[in-house]
Each structure stands twice: as structure tokens, then as C-alpha cells.
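Participant: next one to model:
(one chain, ligands or ions: 1)
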Amino acid sequence: MDHGAEVRRLLEESGALRSGHFRLSSGRHSASYVQCALLLEEPARAARVGRLLAERLRRSEPESVLSPALGGLVIGYAVAAALDVPFRFCERRDGVMRLRRGFELRPAERVAVIEDVITTGGSAAEAAALAERAGAEVVAVGAIILRGAATALSREPLVLLRLELPSWSAEQCPRCAAGEALAAPGSRLPSAE
Ligand SMILES: [Zn+2]
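Facilitator: Here you go, the predicted structure:
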């Protein structure tokens, strides 16, 4: 089984990838959504996904992993564990991505920036810019899932799975047109965009 097919199976068995008729937090309607936190809920599954993504990155020879909080924390740690390199995270403070908590990057350190899901890649791009300002070298940007055009990134991200999850305005939603019930307010709705 190739990695993409395995990740898709893990997404489905963990309940992270669901089919139905959902109202997303944006207000748009979708026939599917993905909640990566559920994929990584079980430590053994998170470790497996971390090893798969680490394999994609190994050729870049990263000396450390940097992830933007919160989305990249669990997978970033899992990738760092698989590569046996240090893991650090950055967090947005007053609108600016920063390294806090005593984390430091060495000049010329080879850094892999790891996210869970990349849509535009905005957070990953901010983390990469932070690393470069510190004098480090960003050797790869990686994610479990690519579900957009990653327009904020200056490089092609290394991903395990590309997912197209179309959404529609309520007026144009084919599932509404077919009379299918929408996931009701108060049920567990996706927090993804
Ligand atoms: Zn609908």
C-alpha cells in the first residue's frame, strides 16, 4: 500500500475523515471534512504517521523540526521522534509567529517545518520565515495533508496525501438540493475551515 492510501485508511478508521453533509465553520457546506487531531489521537497511530512523513523528509537531512502551534504540535513531535532530532514549536503572539520558551535555532541549522494540514500554507510560511530570520536553513516543509494550493509557500511541500474537499455555499450545495439533512447545530461540527 502506498503511503497516501495508508494515510487515507488511517484517516477513515480514526474518524478524522468523514462523509455526509456538513456545515463548516465558514458557513459553507461540504460532503466531507477532515479533523487531523482525531488521526493523531492514538499515540501508536500518530507515531506511524510520523514515521511515514519522516521517510519523505529523510533525504533533506533535517537536524531539527519546527512546527507552528497548535496544528503542527503532535505531528511535528512524531516526525522529530522518528528522525531522532530535536523538536521545537513556534506560536503566534500579538499576531506574530515567535519562538518562545527558551527555544533557539543555531545559525545554518537544517530545519524541517512540519504542519498537520496545509491549505494556503500561511502558518508554515511564517514558521519558515522565522527560522530563516534566525539564520537557520529551511530544508523542507512537510505536512500530512495538502488540501489547497499552498499559495503562501515558496516551495513545494512534501505531503503524504493530497485531498480535494469541495465545498459550496448553502444556495449552491448539491446535498441541500437533494434534500439531504444537514448535520444539525449542536452536533459535533468540524472546526476545520
Ligand atoms: Zn448543503
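Participant: just the pLDDT for Tyr53.
Facilitator: One correction, residue 53 is Leu, not Tyr. What the model reports as pLDDT for Leu53 is 98.
Participant: does it touch Leu160 like I think?
Facilitator: Yes - using Cβ atoms under 8 Å, Leu53 is in contact with Leu160, at 5.9 Å. C-beta here means a position set from N, CA and C on the backbone, and glycine is covered the same way.
Participant: those two: which is more packed in?
Facilitator: Leu53 (27 against 23; other Cβ atoms under 10 Å).
Participant: element containing Ala46?
Facilitator: Here Ala46, judged by DSSP states H and E, is contained in helix 43-57.
Participant: buried residues in that helix?
Facilitator: Arg45, Ala46, Arg48, Val49, Gly50, Leu52, Leu53, Ala54, Arg56, Leu57 (16 or more other Cβ atoms under 10 Å).
Participant: for Leu52, give me its contacts.
Facilitator: Leu52 makes contact with His3, Glu6, Val7, Leu160 under the criterion Cβ atoms under 8 Å, 6 or more residues apart in numbering.
Participant: meant to ask about Arg58, not that
Facilitator: Contacts for Arg58 were tallied using Cβ under 8 Å, 6+ apart; they are Leu83.
Participant: repeat for the one 4 residues further on
Facilitator: Listed by Cβ under 8 Å, 6+ apart, the contact partners of Pro62 are Leu83, Val85, Arg110, Val111, Ala112, Val139, Ala140.
Participant: got JSON lines for those, with secondary structure, distance to the ion and pLDDT too?
Facilitator: JSON lines is the format used below for the contacts of Pro62 (DSSP: H, G, I helix; E, B strand; the rest coil; distance: Cβ to the ion, whole Å; pLDDT from 0 to 100):
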{"residue": "Leu83", "secondary structure": "helix", "distance to the ion": "42", "pLDDT": "98"}
{"residue": "Val85", "secondary structure": "coil", "distance to the ion": "44", "pLDDT": "98"}
{"residue": "Arg110", "secondary structure": "strand", "distance to the ion": "46", "pLDDT": "98"}
{"residue": "Val111", "secondary structure": "strand", "distance to the ion": "42", "pLDDT": "98"}
{"residue": "Ala112", "secondary structure": "strand", "distance to the ion": "39", "pLDDT": "98"}
{"residue": "Val139", "secondary structure": "strand", "distance to the ion": "42", "pLDDT": "98"}
{"residue": "Ala140", "secondary structure": "strand", "distance to the ion": "38", "pLDDT": "98"}
